[in-house]
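In: Predicted coordinates and the sequence they were generated for:
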2 protein chains.
Amino acid sequence: MATPRMSRTNINPNVINAQYAVRGELAVKAEEYRLALERGEKLPFDKVIFANIGNPQQLEQKPITFSRQVLSLLEYPPLLQNEEALKSSFGYKSDVIARAKTLLADVQSVGAYSQSLGAPGIRQSVADFIARRDGFPASQKDIYLTGGASAGVSTILNVICAGKQTGVLVPIPQYPLYTATLSLLDATCVPYYLNEAQSWATDVEEIRTSLANGEKAGTDIRAIVIINPGNPTGASLNPAAIKDVIDIAAEKSLVIIADEVYQTNVFKGEFTSFKKRLRELQAEFPGKYDGIELVSLHSVSKGMVGECGHRGGYFELVGFEPEVVEQVYKFVSINLCPPVIGQCLLECMVHPPVEGEESYELYQKEYNSIADGLKQRAFALYEAFKKMEGVECQEPQGAMYLFPTIHLPPKAVAAATKAGRKADEFYCLRLLDATGVCVVPGSGFGQKEGTLHFRTTFLAPGTEWVDRIVKFHSEFMNEFRG
Amino acid sequence: MATPRMSRTNINPNVINAQYAVRGELAVKAEEYRLALERGEKLPFDKVIFANIGNPQQLEQKPITFSRQVLSLLEYPPLLQNEEALKSSFGYKSDVIARAKTLLADVQSVGAYSQSLGAPGIRQSVADFIARRDGFPASQKDIYLTGGASAGVSTILNVICAGKQTGVLVPIPQYPLYTATLSLLDATCVPYYLNEAQSWATDVEEIRTSLANGEKAGTDIRAIVIINPGNPTGASLNPAAIKDVIDIAAEKSLVIIADEVYQTNVFKGEFTSFKKRLRELQAEFPGKYDGIELVSLHSVSKGMVGECGHRGGYFELVGFEPEVVEQVYKFVSINLCPPVIGQCLLECMVHPPVEGEESYELYQKEYNSIADGLKQRAFALYEAFKKMEGVECQEPQGAMYLFPTIHLPPKAVAAATKAGRKADEFYCLRLLDATGVCVVPGSGFGQKEGTLHFRTTFLAPGTEWVDRIVKFHSEFMNEFRG
């Protein structure tokens, strides 16, 4: 009899070391509860609320009609043979039909592989979008379509990281994709802390300290990740803060990895892209910023689109040497191409109907209603947190998350230790068991030693689930009060 | 002024070392020719034929109506509010509508992330398909949906490979995904040669020799890749050959990675899966094969479905320890989930309409017509190769490729060397320049020292492009004749 060859002791240690809490133990347990309820089992709650992951359409956010009508035609082009019936029976507009034809001409069939970088016409649409957004030109040759932003991050880090000595500056707290991918590549995460007291601002002095510490440890720090607006914090960088980061990147020769997937989820102020700020600075100070290498990532999963399941996105490469670009191309070609229907959805996102087109009015209505709903729910949750004992939360600024601090009584911390748990994990597990609300402990994103947080989305409709959290929290605090 | 930080000298050397010819220099040049023709430029040919990649729908293969009708409904579910119009104006059948409703109930929205392993109902359909195909039970808990088989291969190799000392047996010639992924992981490819004289059979003595050589070199050989039917060779393993591989895996404690994406592209004999053969052997010899670990991969990209652009597939894990399975789960969760519409397409592939259902007849007709067309074109190409001077080709057996040997005159080899090219590369470049037909040099897949081949798909319709190859070859041979 053969004995199994693979065990925890001999598989890839980089995989073992990777951590990814967003879909970890709590998410698995939440799914078990959901199935138990489906089977009719009795639990202290009648519905599981998945507030652990930014998955809008799981929580009843409706897709944008324009995009989905286009995609339906791409999946079954013979529908285009009866435009009259499409219009009269199903309300398809002429601009929907026209867009589907344009996209089909570009991709031929959504069942065919596209070029590895994505379909040329779609890349051109993305470049046009960036140019409109920033007021500076963009070229389709710098655009790489991806299967969601995660695939883009993986590509970039794969090319940049050359083993343990390579360091990448990552904000803490962060979306754990970054630390997980660095673990898989056996590269070194060099953390820099965001400033919670200043609404989770990106603090250049913190970055300098981390750089100095990393350099002292012999790490070759090559890149800095900025998540703007922040995940899990929601914090948005203003033009001055972006300049600070670009300055330090120029000074220390760092590649800037700008994760801008929440660029339309901004409640306070206005989103400024790193690309725009860089081009402004390059115009203002000729020569000074010429060598800067920037990767900017975007996605169809977030914003008002919320099409996570379609796995679409792109990154733009700015300022890289051709010999490096060639290697990026080879890397993405090994994975053949991003999902073509997701590429087409991306096209609809970056090139929505404009005033005067038939679908414009409905598009605007749907878009604004989603945006308003997100803001309302963010503030409703924030108001609830403000009233909870020992909970502090920054005012919502953007993204899809709140990341409150929780101060737990020493007895709760002791009970967690006894259960072999981190205190925030213990709290979140108890919350799930009592209320069916699944959130992610702050330790899954990183947090300053001695502080405790959790991340919750504000996507779930209604306020009943918020009431459940408030009630649980009060009971939890009473149970462990000193 | 900052200087660029990244250059060929400091990026990830594993990326630099990876080779992937299928979308390499020749493919890039072919695309440039296509664009030149589109711009109206004059070339020695009026159409580029992409015979370098198994991309059926790029070459006019039509998608299966049943699947695409279902997908159109999933992309825009409000279509389901007028079933009458769907039927009368567009010919949708009741079973299409019913399937769309079932899938929507499972995934909720194709725009929502699914579970990391894929939607539970779809995984169950895959398990049912495997059970029907093999006559042995399969469980949805062992099924992992993926974004194409490539993503599955990457997942498995990421978990198995623990650095340079890890060896994986790979057939030569092979689909270069394997060598490229091993390069990215800095693991060691241990090649074993397929036996061209015996129709590219998998030769156990060759495997033993490679194992011995690898072990002598201190390599910890953990797994063996089998591509069945073969890419680029088309060769199919019969039950006896599969038993030989399983026996050596049992003896040497090797994980079996069975790439079975061409399982329906078989012209000669009948496909037998590794899973089925393993279960037969386990039943026949109780205990002897208990510890075998097997990964079996499948895809929507090939077969009669040919939906490459949708990036759908799955792998089944057999016999792995729970602690290893847990790490596979974590790895796939970092990438969130495979494209949901691709998952749904996979469901349609593994669960097609059956006799008595309204879409059955059309489905059968479409499926058989594609199958017949592929076989006809394979044999037409084979007949042409038989007549070409210095070309030898095995009779077509399966997959989507022919992989002929070419014997080139010494002067051609000398001219190649002078041009700084491998001889097969030189030949394929000249073929492309003269005819617009893009094929891949054998060196992109690996070949025995001193032999030369190229891989061509037999997907392109018509025979005119085959005539172009024949004419080019004759002129090439005359040019370099001694």
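Out: Done, it's in.
In: what does the helix or strand harbouring A:R279 rub up against?
Out: If you go by DSSP states H and E, A:R279 is part of helix A:274-284. Contact partners of helix A:274-284, identified using CB atoms under 8 Å, 6 or more residues apart in numbering or on different chains, comprise A:130, A:133-136, A:138, A:226, A:228, A:239, A:242-243, A:245-246, A:256, A:258, A:260, A:288-290, A:292, A:294, A:296, A:316, A:318. Every residue, glycine included, has its C-beta placed from N, CA and C.
In: At the contact with chain B, which residues of the stretch 301-450 of chain A appear?
Out: Residues of the stretch 301-450 of chain A lying close to chain B (CB under 8 Å from any CB of the partner chain) are A:301, A:306-311, A:319-321, A:323-324, A:327, A:330-331, A:333-342.
In: ok, now with 10 Å
Out: A:301, A:305-312, A:319-345 (CB under 10 Å from any CB of the partner chain).
In: In helices only, show me those residues.
Out: A:322-334, A:340-345 (DSSP state H).
In: Would you mind checking those residues for buried ones?
Out: Listed as buried from these are A:324-325, A:327-334, A:340-345; burial here means 16 or more other CB atoms under 10 Å in any protein chain shown.
In: any idea which helix or strand carries the residue in the stretch 151-300 of chain A that chain B sits nearest to?
Out: Here the stretch 151-300 of chain A gets closest to chain B at one residue, A:G291, 3.7 Å apart by CB to the nearest CB. Using DSSP H and E, A:G291 sits in no helix or strand.
In: burial of it, as a residue count?
Out: 16 (other CB atoms under 10 Å in any protein chain shown).
In: Which SSE is immediately downstream of the longest helix anywhere in chain A?
Out: Under DSSP H, the helix in chain A containing the largest number of residues is helix A:360-387. Using DSSP H and E, the helix or strand that follows helix A:360-387 in sequence is strand A:391-392.
In: The closest residue to chain B within the stretch 351-482 of chain A - how many residues pack around it?
Out: Residue of the stretch 351-482 of chain A nearest chain B, by CB to the nearest CB: A:L459 (10.9 Å). By other CB under 10 Å, 24 other residues sit near A:L459.
In: Could you do A:E475 as well?
Out: Using other CB under 10 Å: A:E475 sits among 12 other residues.
In: Chain neighbours aside, what residue packs nearest to it?
Out: A:A434 (7.6 Å; CB to CB, 6 or more residues apart in numbering or on different chains).
In: That neighbour: which element?
Out: A:A434 belongs to helix A:423-435, assigned by DSSP H and E.
In: so what secondary structure elements neighbour that helix?
Out: helix A:25-38, strand A:405-406, helix A:410-418, strand A:437-438, strand A:440-441, strand A:454-457, helix A:464-480 (3 or more CB pairs under 10 Å, 6 or more residues apart in numbering or on different chains; DSSP states H and E).
In: again, 8 Å this time
Out: Helix A:423-435 sits against helix A:25-38, helix A:410-418, strand A:437-438, strand A:440-441, strand A:454-457, helix A:464-480, with contacts defined as 3 or more CB pairs under 8 Å, 6 or more residues apart in numbering or on different chains; DSSP states H and E.
In: Dump the ones you listed into a markdown table; add mean pLDDT as well.
Out: Formatted as a markdown table, the helices and strands packed on helix A:423-435 follow (pLDDT from 0 to 100):
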| stretch | mean pLDDT |
| --- | --- |
| helix A:25-38 | 90 |
| helix A:410-418 | 95 |
| strand A:437-438 | 96 |
| strand A:440-441 | 92 |
| strand A:454-457 | 94 |
| helix A:464-480 | 94 |
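In: export these to a markdown table and tack on distance to A:Q447?
Out: Formatted as a markdown table, these follow (distance: least, CB to CB, whole Å):
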| stretch | distance to A:Q447 |
| --- | --- |
| helix A:25-38 | 16 |
| helix A:410-418 | 14 |
| strand A:437-438 | 19 |
| strand A:440-441 | 9 |
| strand A:454-457 | 10 |
| helix A:464-480 | 18 |
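In: Ok, which of these comes nearest A:Y193?
Out: Ranking these by distance to A:Y193, with CB to CB as the measure, places strand A:454-457 first at 16.2 Å.
In: partners of that closest one in the sheet?
Out: Partners of strand A:454-457 in the sheet, by DSSP bridges, are strand A:401-402 (antiparallel), strand A:440-441 (antiparallel).
In: care to break chain A down by domain?
Out: A:13-48+A:371-476, A:105-350 (the TED database).
In: Compare those domains and report which one is nearest to B:S474.
Out: domain A:105-350 (32.1 Å).
In: Can you give me the end-to-end span of the closest one?
Out: One end of domain A:105-350 to the other measures 18 Å (CA to CA, to the nearest Å).
In: for stretch A:133-148, same thing?
Out: 20 Å.
In: in it, what counts as buried?
Out: A:133-134, A:138, A:140, A:142-148.
In: With distance to B:K47, pLDDT and secondary structure as added columns, please give the residues you listed in CSV.
Out: Output for those, formatted as CSV (distance: CB to CB, whole Å; pLDDT from 0 to 100; DSSP: H, G, I helix; E, B strand; the rest coil):
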residue, distance to B:K47, pLDDT, secondary structure
A:R133, 38, 97, helix
A:D134, 39, 97, helix
A:A138, 32, 98, coil
A:Q140, 24, 96, helix
A:D142, 30, 97, helix
A:I143, 27, 98, strand
A:Y144, 28, 98, strand
A:L145, 26, 98, strand
A:T146, 30, 97, strand
A:G147, 30, 95, coil
A:G148, 35, 93, helix
